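Undergrad: Mind folding the following:
(2 chains)
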Protein chains: 2
Amino acid sequence: MQSTMMPVQLSTNWILDRAGTYFGEQTILGRRPDKSTYRCSYADIRRRARQLAQALRDKAGVARGDPVATLCWNHSWHLESYFGIPAAGAVLHTLNLRLSPDDIAYIMDSAGDRVLIVDDVLLPVWERVKPLLRKPPSHVIVVPFDGGAAAAAADGTQGYEEFIAGDASAYEYPAQDENEAVGMCYTSGTTGRPKGVVYSHRSMVLHAITGCMPDLFALSARDQVMMVTPMFHANAWAVPFSAAMVGAGQILPGPHLGAEDLLDLMEEGQATMALGVPTIWMMIFQALSAPTRERRLVKGMRMLIGGAAVPQSMVANFERLDMHILQGWGMTETSPLASVPILKPAQAALPTHERQAIRAMQGMAVPLVEMRIVDDIEGVRPWDGQSSGEVQVRGPWITGSYHDTPNDPGKFTDDGWLRTGDIGTIDAQGYMRLVDRSKDMIKSGGEWISSVELENLAMGHPAVAEASVVAIPHPKWGERPLVVVVKRPGAEVDAAALREFMRPKLARYQVPDDFEWVDAIPKTSTGKFLKTKMREMYRDRLSVTPD
Amino acid sequence: MQSTMMPVQLSTNWILDRAGTYFGEQTILGRRPDKSTYRCSYADIRRRARQLAQALRDKAGVARGDPVATLCWNHSWHLESYFGIPAAGAVLHTLNLRLSPDDIAYIMDSAGDRVLIVDDVLLPVWERVKPLLRKPPSHVIVVPFDGGAAAAAADGTQGYEEFIAGDASAYEYPAQDENEAVGMCYTSGTTGRPKGVVYSHRSMVLHAITGCMPDLFALSARDQVMMVTPMFHANAWAVPFSAAMVGAGQILPGPHLGAEDLLDLMEEGQATMALGVPTIWMMIFQALSAPTRERRLVKGMRMLIGGAAVPQSMVANFERLDMHILQGWGMTETSPLASVPILKPAQAALPTHERQAIRAMQGMAVPLVEMRIVDDIEGVRPWDGQSSGEVQVRGPWITGSYHDTPNDPGKFTDDGWLRTGDIGTIDAQGYMRLVDRSKDMIKSGGEWISSVELENLAMGHPAVAEASVVAIPHPKWGERPLVVVVKRPGAEVDAAALREFMRPKLARYQVPDDFEWVDAIPKTSTGKFLKTKMREMYRDRLSVTPD
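TA: Predicted coordinates for the structure are as follows:
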């Protein structure tokens, strides 16, 4: 029997219309590079996103399914692009401005970006990327984030405001199937080049609704959301879409991510919720512990923290300030929301310490996502809190492949689950806890560093016989890489020389600062680096600090 | 560009698995006909729903898409059926036990019900329906709600517990497209026979997630939901699915719907939220105003009220008791959630009286639903709070047709919107308010009565020249019908005789109690009954009370 329901397709255009009509007066608060703030509304965002859509179609010849890239900080033009690019039927492709020019160029070529929207203050990055591109975009649109002075100087570009000028009140969204692409993000792999994950209108809308639920972000029309997470990181966890859907205000901090700057802006916008990586929140906690003046933050503020594991002490510290952490676990491949530690009645009633211990777990699969622990030999593991294996997930906003890439059995199981590469357990209550990682990635300030890539680079130096890289705990960045090196007999190289040798191929945050010189690296019986042993050996090492 | 997201289909089976695994210990509290209470858990519901699915497939030969009917009160067997019938790939068809046997028989034949699940205490209803059926179901399964004594007595039936006996731990759900039917409800029309609305797995899951959002039911794992709304009324507003999805407990009151009974059960189950029609809540407010003993209800309890308009005084009265009303507007055709009066920051800050006035409106379209006001002549009306017209809605859980019925242009617009038949306005803030109804329906205790049907019946009496029926306000039932009659010259009939003449074709609640004898009925220039005038004339009449 077929249902009689209307075949209405899910679409981010519908979110834009809801925000702009029902919540037209709600505020978007932004901060410019000169630290001045400005305000606009969802009515503005809707009107201008539709102008952008019309201009992309009529002036830039963008067709359905064409990728349009953004190289932007968090600001209202970026938010317009979040909606305006899909409203043109095109694909929002957010570029990570922290990557090396080489990686950005590779990613733009791989996606086939037709148009680039770039901040005036990021034109220097673009100038380094441009010569590396095989297929440059036909149009480069410059956002006057810093007032437009920089934009006027650039060759072969046009200003955003001139580009979108015109009346788009009669603009009609293209009719699209909900499985068509709405956006894409590239993810860094352990080895090889970044790979593209392509989100659909369907996955984005489902994720945005689910994120609003009371056990997740609990977003309502009366929230003001501070968006510290970069909008180029898995769509800022799709919170810009969730917030617009329910009419919550958004606070977009631009490039100023220091603790005092963020606190100033949270006060000005009266943030009720904020999202960011643990690194940011550690800085904020320190600033709040030694305040320069009394802070008037909203009481009972919620903080959505993801991108790296949250220490239990952080949950406890903030709770004493009446600030409440919700940890989210996921990755670019999972849109990114895959699990959160939802409290059941029995858990909510536990003593503080035990309750906070649950809040520091990665938690249970969110609605519409399924999760299991699988061991290559033992198969699916029981929920006993002991049996560990790879965390695998499945759901309507989990990727089942990579853009233009042959299917990699190392990433997907035969029965259709994503292999996350993380190792975890699930306890009898359904709470997942990460215990290790199978992929050799280091998480520094919320950004990934591939240990395998660093090893390959280091071993490219003629004086290096062997190099192995492991993550070392770091008080500010969470983790930093330690490069453990065995020199070739008779050859000489020091840390400074090896670092300079590696630097040109790396983003700034990926360049290692810490080297250890040894005679031999511990190995497994099959000759692989014994990283568990090495992590143990160097656990208490104080990592050299980059800033 | 196609997305890389997994093609995972939305399904109520996934809700069942989530409730049963993550929230297996959560309580379902039920009350039997003898008023004793019992408890079970989501783990029980999942295990037994899967047993039911297996039995339907293996013992009753139910195939994908076959309708399976329920004629049940609100209890845990009904909840099992909510999940077990779809888990068999079949279609949950809830029958309204208050309809006349004639209507129930028509609806069962129209749907083609293959199996009936019926309460032992409702076997007398079934005995009256059975002889009227053209195609009786092949299996009649009797729920031992009252302990099973009644069940043993019935011919041609089998007991529910024997039917589902067996191990279904290896049962596999059928692979289904999300647009396949999951359930169906019949709706009473102004004229003609009831018509079927068929929900899909997709529409039910989308509705269930959206319903949980903070601005709607705000359902979390820490809620206990009192389900006063019958599970045969638009799937109890799909709240049984929403609650299971987030792991909230459910409280199922069975047939005891008196105020003191409901209060006892809400206390026992420590309900944090309840849903029902205004009639129920008026009784409860009266009981709380003159309490027989101190009540220990959960503080800050939320009440979801729908099925008829909520008076502002009711919002205010309950707020004084720290009980908070959320009005929902919708109908069987809209799954049913179409609008709620979501408070924006500016509205939440209004003086109490003005805020409560907004809470008494029908409100703004919920996420994923679009709403507009259309006048046949003027077209789409502006949001000015003044321009009225028909309320039209569109969305993924709004019906676009009726089961096995040729499309009726009176119900659907050419551009694909549902014509609700209600007349309303939308103000500048987006809040919709009903001002009248275009269809001549009377809402009595949450159930519909067709004035056209009553008129046709009355005019069938040989002594009646003309009869017109309008709704009269009623303190307990909200509205009751008043039959305004013009007798044929020289003919005689009184209220008692006319009522008896009409009774056999009507459900008990539909039988009119109140008659007015006049010389002429006010008419429009085209000869139609001028009902707006009549409603005005009889507005202050004290309706005769049925009980």
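Undergrad: quick check, stretch A:246-265 touching chain B?
TA: Yes. Against chain B, stretch A:246-265 shows contacts by Cβ under 8 Å from any Cβ of the partner chain at A:246-247. C-beta here means a position set from N, CA and C on the backbone, and glycine is covered the same way.
Undergrad: what pLDDT, on average, does that stretch get?
TA: The pLDDT scores in stretch A:246-265 average 97.
Undergrad: Next, the distance between the ends of it.
TA: 22 Å (Cα to Cα, to the nearest Å).
Undergrad: Give me the buried positions along it.
TA: Using 16 or more other Cβ atoms under 10 Å in any protein chain shown as the test for burial, stretch A:246-265 gives A:246-257, A:259, A:261-265.
Undergrad: And for A:A346, the neighbour number?
TA: 12 (other Cβ atoms under 10 Å in any protein chain shown).
Undergrad: Give me the nearest residue to it, chain neighbours excluded.
TA: Excluding the flanking residues, the one nearest A:A346 by Cβ to Cβ, 6 or more residues apart in numbering or on different chains is B:E25, at 7.5 Å.
Undergrad: give the contact list for that neighbour.
TA: Counting by Cβ atoms under 8 Å, 6 or more residues apart in numbering or on different chains, B:E25 makes contact with A:346, B:41-43.
Undergrad: Now for those, which sits with the most neighbours around it?
TA: Going by other Cβ under 10 Å, B:Y42 tops those with 28 neighbours.
Undergrad: who touches A:A338 in this structure?
TA: A:329-331, A:365-366, A:369, A:371, A:393, A:395, A:398, A:420.
Undergrad: Read off the pLDDT value for it.
TA: So A:A338 comes in at 97 (pLDDT).
Undergrad: For it, give me phi and psi.
TA: Per-residue torsions, A:A338: phi -120, psi -40 (degrees, to the nearest 10).
Undergrad: Against chain B, how distant is it?
TA: A:A338 sits at a distance of 13 Å from chain B (criterion: Cβ to the nearest Cβ, to the nearest Å).
Undergrad: now A:M534
TA: 35 Å.
Undergrad: Specify the local secondary structure of that residue.
TA: helix (DSSP: H, G, I helix; E, B strand; the rest coil).
Undergrad: Am I right that it is in contact with A:V484?
TA: Yes. Counting by Cβ atoms under 8 Å, A:V484 is a contact partner of A:M534 at 6.5 Å.
Undergrad: shared neighbours of the two, anything?
TA: A:468, A:470, A:521.
Undergrad: By mean pLDDT, flag the weakest helix or strand of chain A.
TA: Using mean pLDDT, DSSP states H and E, the weakest-scoring helix or strand in chain A turns out to be helix A:149-153, at a mean of 56.
Undergrad: Among the shared contacts of A:M534 and A:V484, name the ones in strands.
TA: Applying DSSP state E to the shared contacts of A:M534 and A:V484, the entries found in strands are A:468, A:470.
Undergrad: most surrounded residue in the shared contacts of A:M534 and A:V484?
TA: Among those, A:S468 has the most neighbours (other Cβ under 10 Å), with 26 neighbours.
Undergrad: what about the nearest residue to that one once chain neighbours are set aside, how many neighbours?
TA: Spatial nearest neighbour of A:S468, chain neighbours left out: A:F529 (4.3 Å); criterion: Cβ to Cβ, 6+ apart. For A:F529, the neighbour count with other Cβ under 10 Å is 20.
Undergrad: how much space is there between the residue sitting nearest the centre point of chain A and chain B?
TA: The centroid of chain A falls nearest to A:H233 when counting by Cα atoms, centre = their mean (2.5 Å). With distances taken as Cβ to the nearest Cβ, A:H233 is found 18 Å from chain B.
Undergrad: Rebuild the contacts of B:E25 as JSON lines, extending it with pLDDT.
TA: As requested, the contacts of B:E25 are exported to JSON lines (pLDDT from 0 to 100):
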{"residue": "A:A346", "pLDDT": "91"}
{"residue": "B:S41", "pLDDT": "98"}
{"residue": "B:Y42", "pLDDT": "98"}
{"residue": "B:A43", "pLDDT": "98"}
